[in-house]
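Asker: when you get a sec, could you give me coordinates for this:
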Amino acid sequence: MRHLNPVSAVFLLLSLVGLLLSGMRPTFVVNEVLIRFIRDGVMVLALIIPINAGMGLNFAIVVGAMCAQVGLVLAVDLQLTGFTGLLFISVIGIGLSLLLGALIGLCLNRVKGKEMISTIIIGFLATSIYQLIFMVGYGTIIHPHNPEMMLSRGIGIRNMIDLQGFRNILDKLWLFRLGEIEIPLFMILLVLIFAGIVHSIMNTRLGRQLVAVGLDGRKAAMVGIDTEGVRVKAIILSTVLACCGHIIYIENIGMLNVYTAHLNSDIFSCAAILAGGATIFRAGIANALLGVLLFHSLFIVSPQAGQNVFGNPALGEYFRSFVAYGTIAFALMMQRQAADRN
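Answerer: Modelled structure (predicted):
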């Protein structure tokens, strides 16, 4: 990017002001930003492909997150640990993501022009079904192998599951220290590898078709592009990337809140990519990675800044929630203005 986007500039300014007001040590903030870059980087990258395909912000990435959680629950139920368990989680999660991503894509082909609101509703519907399965189905229809993960009544899974067998098994690879700063080099490279995969996809024939469909679906169809097929592929890729990103997120956290761990992953990811200078029409790798750094920098410093300035850390929490939703609302208003001009 040749110059800093105005939205990114505002986030940078707010982060610097928040850092000064919070009194936090810069090294602490850098460590926390690196952790969140690892946790959320791939999830934000999952938004790039649908945006460039003209489908806007894909709030249904939360479905990919739930696919990852299904794999994690099954792995804990079967008492799989280590890299074997991680491979099992990946296979189950990605397999479900391929199936559900295709179904979501087919649904979105029937609501062209209303993809964003449709993905929000799809996310709510998927969450309800997911919670019903693990709250009621597990112990009745599905027979558990690991009774320790079940509620005392024998029906439903406990809210919190300890992922001791998977916690930080990747984060410890190539972990370096630079003074007080911990640099998990392997995990940073893993996020960058996913960024490279997205970049490569966008430079393939499929990527060029995605951009063509995003620019003008009618003209793309006139030159022989299967626009509906391309749109389905965009959502499939987005859902699979979201699944992979959520596996990384939970592996880093080391605990799984079965019923709520996936919630807000879509809102915060969408806000982050917009903070990086993306629009709901165009997004690139730089927008996603820069957005994660800027958005989470503000998230880290705002509660302590609220405590120091107003004597109430909750104000900082409210502020960063306001920023997340406000950023998305601003992008939608800009879309409306651009549509009116056209």
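
Asker: look up how far residue 151 lies from residue 75.
Answerer: Distance, residue 75 to residue 151, by Cβ to Cβ, to the nearest Å: 19 Å. Yep, even glycine has a C-beta here, placed from its N, CA and C like the rest.

Asker: ok, those two, which is more surrounded?
Answerer: Applying other Cβ atoms under 10 Å to residue 75 and residue 151 shows that residue 75 carries more neighbours, namely 24 against 13.

Asker: which SS class is residue 145?
Answerer: The three-state assignment at residue 145 reads coil, by DSSP: H, G, I helix; E, B strand; the rest coil.

Asker: how about it, what does it touch?
Answerer: 77, 78, 79 (Cβ atoms under 8 Å, 6 or more residues apart in numbering).

Asker: show me where the chain has strands.
Answerer: 160-162, 175-178, 181-184, 255-257 (DSSP state E).

Asker: average pLDDT for the last one?
Answerer: Looking back up the chat, that one is strand 255-257. Averaged across strand 255-257, the pLDDT comes to 88.

Asker: let me know which of the strands of the chain is the nearest to residue 126.
Answerer: strand 255-257 (16.6 Å; Cβ to Cβ).

Asker: flag every buried residue along the closest one.
Answerer: residue 256 (16 or more other Cβ atoms under 10 Å).

Asker: hmm, who's touching that strand?
Answerer: Residues outside strand 255-257 that contact it (Cβ under 8 Å, 6+ apart): 69, 72, 73, 76, 159, 160, 161, 162, 163, 250.

Asker: now stretch 222-239
Answerer: With Cβ under 8 Å, 6+ apart as the criterion, stretch 222-239 contacts 46-47, 49-50, 52-53, 55, 58, 60-61, 63-64, 67, 97-98, 100-102, 104-106, 108-109, 201, 206, 209-210, 212-213, 217, 220-221.

Asker: ok, of the contacts of residue 145, which come out buried?
Answerer: By neighbour count, with 16+ other Cβ under 10 Å, those hold residue 77 as buried.

Asker: now tabulate the contacts of residue 145 in TSV and tack on pLDDT.
Answerer: Output for the contacts of residue 145, formatted as TSV (pLDDT from 0 to 100):
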residue	pLDDT
77	90
78	90
79	88
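
Asker: isn't residue 49 right up against residue 200?
Answerer: No - with contacts defined as Cβ atoms under 8 Å, residue 49 does not count as touching residue 200, sitting 11.7 Å away.

Asker: how about the residue lying closest to residue 58 once chain neighbours are set aside, what does it touch?
Answerer: Nearest residue to residue 58 in three dimensions, chain neighbours excluded: residue 50, at 4.1 Å (Cβ to Cβ, 6 or more residues apart in numbering). The contact partners of residue 50, taken as Cβ under 8 Å, 6+ apart, are 56, 57, 58, 115, 234, 235, 238.

Asker: what does the model give residue 50 for pLDDT?
Answerer: pLDDT recorded at residue 50 is 95.

Asker: equivalent analysis for residue 314, please.
Answerer: 68.

Asker: circling back to that earlier point, can you list the strands of the chain in JSON lines and add distance to residue 37?
Answerer: Shown next, in JSON lines, are the strands of the chain (distance: least, Cβ to Cβ, whole Å):
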{"stretch": "strand 160-162", "distance to residue 37": "25"}
{"stretch": "strand 175-178", "distance to residue 37": "15"}
{"stretch": "strand 181-184", "distance to residue 37": "10"}
{"stretch": "strand 255-257", "distance to residue 37": "20"}
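
Asker: so residue 262 sits against residue 61, correct?
Answerer: No - between residue 262 and residue 61 there is no contact, the gap being 9.4 Å when judged by Cβ under 8 Å.

Asker: ok, these two, which is more surrounded?
Answerer: For residue 262 versus residue 61, the count of surrounding residues by other Cβ under 10 Å is larger for residue 61: 32 against 26.

Asker: compute the first-to-last residue distance for stretch 248-264.
Answerer: Chord length of stretch 248-264, first to last residue, is 16 Å (Cα to Cα, to the nearest Å).

Asker: can you mark which positions in that stretch are buried?
Answerer: Quick answer for stretch 248-264 (16+ other Cβ under 10 Å): 248, 249, 250, 251, 252, 253, 256, 258, 259, 261, 262.

Asker: same thing with stretch 95-105?
Answerer: Buried, per 16+ other Cβ under 10 Å, within stretch 95-105: 96, 97, 100, 101, 104, 105.
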